[in-house]
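Got a predicted structure here, sequence first:
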Amino acid sequence: MLINNFLLLGAVLFCIGVYGVIARKNAVMVLMSIELILNSVNINLLAFSQLHDSIDGNTFALYIIAVAAAEVGVGLAMVLLIYRNRKSISLDELSEMKG
Amino acid sequence: MSAIILATDDIYVAQNIGFGIIAAIMIVGALKVVTSKNVVHAAVALVAVLAGAAAQYLLLAAEFVAVTQVLVYVGAVMVLFLFGVMLTRAKLGQEGDLNNKNALLGVPVALMMLGVMSWVLIDGFEDTKLPQSGDQVRIQAVSDNIFGPYLLPFWALSFVLLAAVIGAIVLARKD
């Protein structure tokens, strides 16, 4: 198989995730788009791991999965906290830190 | 995209057909994640994308990462997302307020990034082939790698997970 199959799939998923991060207002949807981005990175890492016949890409992909799980846990806890304080999770209403 | 590549590369036909079908499912699911007006529908589409990613990992001969993807993402992370949707479903009932006012600004940004990345990839790896994976099982090599040269990042990762668990409890606790 061509390596460009996997790399182009990763690029498409990455761009869709970037569009989601830019376009979405709901905080949970932004977190889902970030998951898309992390998965595209994993596909790239495993494709290069297979291309160079090295196992390091697998190790990095596993670490990325673990860090992404931690990120989702903390992110959703923050979203819950924001929702409890403001009864809304629209990201464009969070303007307290504006100077 | 993959149909063109399929025509030029006729050696691993079955793998290429499988790749094309799974990639189409993943791209449609990803588009549904970022365009759906219903949060629960988006979460279900995300399940399709993550499961398809696990299948692609199998095609890349990374079976342990594929199993971990199914356990962690399709199992745990999706349950977290559904809980998050459920607990924050206040005024999300009315449709169409999931997007920013200037959401269309994201389309040219994403298309430009996609164009640049595709051009670089096609120009750089014109028709580099992946080596045919043999019959070797890679789980042993992965564990040797994690508990050998990458032991210190593994420890750091365990502290990251511990901090994330404690932080999530502290943040979400009612007091």
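Arrived safely. Because the structure is predicted, anything quoted here is derived from the model rather than measured.

So the most centrally placed residue in chain A versus chain B, what's the distance?
In chain A, the C-alpha nearest the mean C-alpha coordinate belongs to A:I34, at 2.3 Å (CA atoms, centre = their mean). According to CB to the nearest CB, to the nearest Å, A:I34 and chain B sit 11 Å apart. For the C-beta atoms, the positions are set from N, CA and C on the backbone; glycine is no exception.

Show me where the chain has its helices.
Picking chain A for this. Listed in chain order, the helices of chain A (DSSP state H) span A:3-23, A:27-51, A:56-86.

not quite, I wanted chain B
Using DSSP H, the helices of chain B run over B:2-8, B:13-35, B:39-59, B:63-69, B:78-87, B:106-124, B:139-146, B:151-172.

contact partners of the longest one?
By CB atoms under 8 Å, 6 or more residues apart in numbering or on different chains, the surrounding residues in contact with helix B:13-35 are A:1, A:5-6, A:9, A:12-13, A:16-17, A:19-20, A:23-24, A:29, A:32-33, A:36, B:2-3, B:5-6, B:9, B:41-42, B:45-46, B:48-49, B:52-53, B:55-56, B:59.

tilt between that helix and helix A:27-51?
Going by axes from the mean of the first three to the mean of the last three CA atoms, to 10 degrees, helix B:13-35 is angled at 160 degrees with respect to helix A:27-51.

Now helix B:13-35: buried residues?
By neighbour count on 16 or more other CB atoms under 10 Å in any protein chain shown, the buried set for helix B:13-35 is B:16, B:18-20, B:22-23, B:26-27, B:29-35.

A:L62: which of the helices of chain B is closest?
Of all the helices of chain B, helix B:63-69 sits nearest to A:L62, with 6.1 Å by CB to CB.

Centre of the chain to the closest one, how far?
Here helix B:63-69 shows a centroid-to-chain-centroid distance of 12 Å under the convention CA atoms, centre = their mean, to the nearest Å.

which helices and strands does that helix pack with?
The contact analysis (3 or more CB pairs under 8 Å, 6 or more residues apart in numbering or on different chains; DSSP states H and E) places helix B:63-69 against helix A:27-51, helix A:56-86, helix B:39-59, helix B:139-146.

Let's have those in CSV, adding mean pLDDT.
Below are those laid out as CSV (pLDDT from 0 to 100):
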stretch, mean pLDDT
helix A:27-51, 93
helix A:56-86, 91
helix B:39-59, 93
helix B:139-146, 91
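
how about those helices in a markdown table, adding distance to B:L104?
Listed next are these as a markdown table, based on distance: least, CB to CB, whole Å:
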| stretch | distance to B:L104 |
| --- | --- |
| helix A:27-51 | 16 |
| helix A:56-86 | 25 |
| helix B:39-59 | 19 |
| helix B:139-146 | 43 |
